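**Student:** my questions are about this predicted structure, shown below with the sequence.
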Amino acid sequence: MDEALLRTVQTMPKAELHIHIEGSLEPELIFALAGRNNVPLAYASVEDLRRAYAFDDLQSFLDIYYAGASVLLTEQDFYDMTRAYLQRAKADNVRHAEIFFDPQTHTARGVAFSVVIDGITRALREARTQHGMSGSLIMCFLRHLSEEDAFSTLEQALPHRDKFIGVGLDSSEYGHPPEKFARVFARCRELGLHLVAHAGEEGPPAYIQTALDVLQVERIDHGVRCLEDPALTRRLAREQVPLTVCPLSNIKLRVFNQLHEHNLLALLEADIAATVNSDDPAYFGGYINDNFAAVFEALPLRREHAYRLARNSFTASFLDPQAKQQYLNEVDAFFEH
Ligand code: ADE
Ligand code: ZN
């Protein structure tokens, strides 16, 4: 690829809107935390663990991802993990991050909700004061668990209402359609929380439809399978529903065979408000700039697409209008020369 374009996508200001904080846990940190907390691991070494990162589909990844997260026990562990991600994101000129966390993965192991959210929040506050980065949290419900479990997680979260801005839906998609969580999302809407959901990653376009119509989400995470349904594609474009697309994730989880077959350019050409994100960077071979570099290398994307993707990332964020405009001005200034 053109060196100038590569530099542009790497240095432009951007927001990251689809990052699971547990998916930023690098093998080295998994081993360090396992040692610190005396948690046994099924892998002999960092290299041995990395070798296991060859996935057939979403479920084969999730099994390893939940095993990796089992080393997280203390507030300091959640702080260390989040700090490492934010430092890495800063190097990629991420100016704002909306970060997913999966409380049920931890509360099911006896880790208190407050331990999880307080550790993550401490690192976010520090990034704001030290690096001028903004960040907020989106709590995800695990869709392979029951709606009742999601309700009880919401109960545990409510004393911390000021520390998160919204809720999402993640984990195994097939067989767990959005409408399974209709009531808990309705309750979250009443509480004034922002709503997002993973849909149309492995699951069919119908799941995108019900995420919009039943859950009334404001963004779709992934959503790449929307192009299989022309009416849905037109609707996403008309309503400018943002999609948080994660190119390297889609290759690792075999949603597309190769990056040159990825539909990011087709989504943009259909006038969909797509963004580029890393999903689970420690597992999928790269952080946000690695995703930008790889997808610009594989597809005939140009400078005007970089500009659109940078703008989309802030437009699609849940920042207040004034902060959003400030970041959009930064993007415009960056692209002026
Ligand atoms: N949890 C972490 N990463 C995920 C993904 N890509 N899809 C669904 N659930 C996830
Ligand atoms: Zn995801």
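**Tutor:** Perfect, I can see it now. Ligands and ions are numbered 1, 2, ... in the order given.
**Student:** pLDDT of stretch 123-138, averaged?
**Tutor:** The pLDDT scores in stretch 123-138 average 98.
**Student:** which residues does it contact?
**Tutor:** 78-79, 82-83, 86, 89-90, 94-101, 117, 120-121, 163-168, 194, 196, 318-319, 323 (C-beta atoms under 8 Å, 6 or more residues apart in numbering). To be clear about C-beta, it is placed using only N, CA and C from the backbone, and glycine gets the same treatment.
**Student:** between the two ends of it, how far is it?
**Tutor:** With C-alpha to C-alpha, to the nearest Å applied, stretch 123-138 spans 15 Å between its terminal residues.
**Student:** run the chain-centre distance for it.
**Tutor:** Going by C-alpha atoms, centre = their mean, to the nearest Å, the spacing between the C-alpha centre of stretch 123-138 and its chain's C-alpha centre is 16 Å.
**Student:** now stretch 304-321
**Tutor:** Remark: stretch 304-321 is offset 15 Å from the chain centroid, using C-alpha atoms, centre = their mean.
**Student:** what comes up buried for that stretch?
**Tutor:** By neighbour count with 16 or more other C-beta atoms under 10 Å, stretch 304-321 contains the buried residues 305-319.
**Student:** again, but for stretch 82-93
**Tutor:** By neighbour count, and taking 16+ other C-beta under 10 Å as the criterion, the buried residues in stretch 82-93 are 82-86, 88-90, 92-93.
**Student:** count the neighbours of A127 for me.
**Tutor:** A127 has 22 neighbours, counted by other C-beta atoms under 10 Å.
**Student:** how far does the helix or strand where it lies sit from its chain's centre?
**Tutor:** Under the criterion DSSP states H and E, the helix or strand holding A127 is helix 113-131. A distance of 17 Å separates the centroid of the chain from that of helix 113-131, by C-alpha atoms, centre = their mean.
**Student:** who does whichever helix or strand comes after that helix pair up with?
**Tutor:** From helix 113-131 onward toward the C-terminus, using DSSP H and E, the following helix or strand is strand 134-142. Within its sheet, and counting by DSSP bridges, strand 134-142 is paired with strand 94-101 (parallel), strand 166-170 (parallel).
**Student:** these into JSON lines, with extra columns for mean neighbour count, mean pLDDT and distance to ligand 1?
**Tutor:** Supplementary listing: those in JSON lines, determined by neighbours: other C-beta atoms under 10 Å; pLDDT from 0 to 100; distance: least, C-beta to the nearest ligand atom, whole Å:
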{"stretch": "strand 94-101", "mean neighbour count": "25", "mean pLDDT": "98", "distance to ligand 1": "7"}
{"stretch": "strand 166-170", "mean neighbour count": "25", "mean pLDDT": "99", "distance to ligand 1": "4"}
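**Student:** nearest to G286, out of these?
**Tutor:** With C-beta to C-beta as the criterion, G286 lies closest to strand 94-101 of these, at 13.3 Å.
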